[in-house]
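Engineer: Next comes the sequence, and after it the predicted model I'd like to discuss.
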Amino acid sequence: MSTPPHFDLLKAAEGLLEQARALAARTKPEEDDNDLELRRSIAATAKRITIGTAPRIDVVKADWIVISEVAAWNIFIDWKAFDHIPLDGYISISDLAKALNAQESLIARISTLLLTTHKLLPGPHPHTLTHSRVSPLYRTSHPVSPLCSVAIGNGMKPFSHWPEYFRLHGRREPSGQHDTPFSFGWGEPTLPPWDVKARNKEYGAVFARSMRSREIVGGDTVVSGPGAVYDMAWVGREAKTRGDTEVVVVDVGGGLGQLLGEVLRGVEGIRPGQCVLQDRGEVVEEVRRMGGLGGVVVMEHDFHEEQPVKGGLVYLLRRILLDYSDSLAVGILRRLADALPADNPKARVLIMEERLLETPTPQNCIVDLVMLNLGGKLRNEAIYRDICAQAGLKVVGYHTREGDSNSVVECTRA
Ligand SMILES: C[S@@+](CC[C@H](N)C(=O)[O-])C[C@H]1O[C@@H](n2cnc3c(N)ncnc32)[C@H](O)[C@@H]1O
């Protein structure tokens, strides 16, 4: 066993103080969310100090607290309790209980935990609550709120069933879409995860909403200019040479149109009628219920089946392949390889998603394990090259940036 890296408490504490002074000189540390890198560095050092110095049993017990805390904010999100706490005022526990049609003593017990962990703050009078700097993110209207629900539904719920799942299926990765830890955790073990979501309509809708959040990895995809991992400006130039309804961009599994929205706003020259959004029936229905996407062609399509839109210039697959095993990912890619025009060397399939980092961070690992719940995984360049080759595609670009776990794999017909 290798020896753990030496932890120098004094050096870490001095570094922490220096950084804290720098932050305090620039801003009120408890306000806003500016200076993200400095704040993250302070938090990481503080955590390192905790792990390196706290009594070991306290480090273990800290996770038990997190487990209960997660249960508390999850049920409060479910009941929309955070929505009832005014952003610039307070609410009594008794009024909150009335608003939730719940027993006051129950709400008091759950709130008390959130007060002890500072997720909520005490109001000006006894038995009252105010928001903390974090808790407004749990309000229904905040885009992080559905992501929290997905962290439970795709993460904690299946994770908590891992022991029974692996006892039943053996200590190996799930191999396909049937018998995934996700479906097992939701009590529908033989259904593919997307069918489980479709059956649980409320959760399916929350999931679709969560994909529009900019806070998710890849949610802030910049599609053109210096901030882009992959610059789609060339697609705009090509689009200008084509008719208003000639297909230029097909977003396969495009959800509620979040990426196409970015493309239409961010890439000059592409018109809505040149774009196609494809997704499952229930998602397409939701897009239509929301009033459509301003001229974008919206169609139901199963990406495991033959691609009906042939000859598009660019097929986008954002946050799709990571949900699937290699063999299913190859199948999805092969459908697109077959649809690419044989006579246009500019045509591309663009795979956009979080990659497996060479030195994984905890964030990178949790995404990978949540994908394991769905029967999928994060991939690195070598794996992408392998599955693309199997699908009849050639990787002509692997685009990444330092400090960013997103990647864009650029493929042509092989
Ligand atoms: C993780 S979300 C990503 C959504 C979008 N591409 C994005 O980046 O925000 C996966 C999407 O694939 C859709 N999907 C799942 N299975 C599908 C299938 N067999 N055919 C088409 N779309 C599917 C889901 O409904 C969902 O919208």
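Structural biologist: Good, I have the coordinates.
Engineer: quick one: V370 and G155 touch, right?
Structural biologist: Yes - assessed by Cβ atoms under 8 Å, V370 is found in contact with G155 at 5.0 Å. Placement of C-beta: from N, CA and C, glycine included.
Engineer: Those two: which is more packed in?
Structural biologist: Per other Cβ atoms under 10 Å, whichever of V370 and G155 has more neighbours is V370, with 22 against 18.
Engineer: how would you label that one: helix, strand or coil?
Structural biologist: Recorded secondary structure, V370: helix (DSSP: H, G, I helix; E, B strand; the rest coil).
Engineer: ok, now how distant is it from D326?
Structural biologist: Distance, V370 to D326, by Cβ to Cβ, to the nearest Å: 18 Å.
Engineer: can you check N200 too?
Structural biologist: 28 Å.
Engineer: Tell me the helices and strands packed up against the lengthiest helix in the chain.
Structural biologist: In terms of residue count, the longest helix belonging to the chain (DSSP state H) is helix 56-78. Helices and strands touching helix 56-78, by 3 or more Cβ pairs under 8 Å, 6 or more residues apart in numbering; DSSP states H and E, are helix 36-53, helix 104-116, helix 144-150.
Engineer: tell me the mean pLDDT for the helix or strand just after that helix?
Structural biologist: Using DSSP states H and E, the helix or strand that follows helix 56-78 in sequence is strand 91-92. When pLDDT is averaged over strand 91-92, the result is 98.
Engineer: go on, stretch 356-369?
Structural biologist: 94.
Engineer: do it and the ligand meet at all?
Structural biologist: No - applying Cβ under 6 Å from any ligand atom, one finds stretch 356-369 separated from the ligand by no less than 11.2 Å.
Engineer: tell me which residues in that stretch are buried?
Structural biologist: L356, L357, N364, V367, D368 (16 or more other Cβ atoms under 10 Å).
Engineer: Check the separation of the first and last residues in that stretch.
Structural biologist: 11 Å (Cα to Cα, to the nearest Å).
Engineer: which residues touch it?
Structural biologist: With contact meaning Cβ atoms under 8 Å, 6 or more residues apart in numbering, stretch 356-369 is reached by G155, F159, V217, L322, E354, K377, L378, R379, N380, I383, S405.
Engineer: Please name the residues that touch V309.
Structural biologist: With Cβ under 8 Å, 6+ apart, V309 has these contacts: V247, V250, V276, Q278, M299, A339.
Engineer: Could you do L260 as well?
Structural biologist: Taking Cβ under 8 Å, 6+ apart, one finds V249, D251, G254, C275, L277, L293, V296 in contact with L260.
Engineer: Out of these, which end up buried?
Structural biologist: Using 16+ other Cβ under 10 Å as the burial test, the contacts of L260 include V249, D251, G254, C275, L277, L293, V296 as buried.
Engineer: Put together a markdown table for these, with pLDDT, secondary structure and distance to T27 on each row.
Structural biologist: Below are the buried ones among the contacts of L260 laid out as a markdown table (pLDDT from 0 to 100; DSSP: H, G, I helix; E, B strand; the rest coil; distance: Cβ to Cβ, whole Å):
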| residue | pLDDT | secondary structure | distance to T27 |
| --- | --- | --- | --- |
| V249 | 98 | strand | 40 |
| D251 | 98 | strand | 39 |
| G254 | 96 | coil | 38 |
| C275 | 98 | strand | 41 |
| L277 | 98 | strand | 41 |
| L293 | 93 | coil | 39 |
| V296 | 97 | coil | 41 |
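Engineer: check those residues against the ligand, which are close?
Structural biologist: Of the buried ones among the contacts of L260, the ones that also sit near the ligand (Cβ under 6 Å from any ligand atom) are G254.
Engineer: Can you name the residues of the protein that neighbour the ligand?
Structural biologist: Counting by Cβ under 6 Å from any ligand atom, the chain sits next to the ligand at 194, 211, 253-255, 258-259, 279-280, 283, 301-304, 318-320.
Engineer: Select only the buried ones of those residues in ChimeraX?
Structural biologist: Applying 16+ other Cβ under 10 Å to the residues of the chain next to the ligand, the buried members can be selected in ChimeraX as follows:
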select :194,211,253,254,255,258,259,279,280,283,301,303,318,319,320
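Engineer: Which ones among the residues of the chain next to the ligand map onto strands?
Structural biologist: D279, R318 (DSSP state E).
Engineer: which residues of the stretch 201-350 of the chain fall in strands?
Structural biologist: Taking DSSP state E, counting those that start in this stretch, the strands of the stretch 201-350 of the chain run over residues 249-252, 275-279, 297-300, 314-318, 348-354.
Engineer: residues touching the residue of the stretch 51-200 of the chain found nearest the ligand, list them.
Structural biologist: Per Cβ to the nearest ligand atom, W194 is where the stretch 51-200 of the chain lies closest to the ligand, at 4.3 Å. Shown in contact with W194 (Cβ under 8 Å, 6+ apart): R280.
Engineer: same deal with V252?
Structural biologist: When contacts are counted by Cβ under 8 Å, 6+ apart, V252 touches Q278, H301, F303, Q307, Y315, L316, L317, I320, I332, L336.
Engineer: mind checking how far it is from L316?
Structural biologist: Distance from V252 to L316, by Cβ to Cβ: 7 Å.
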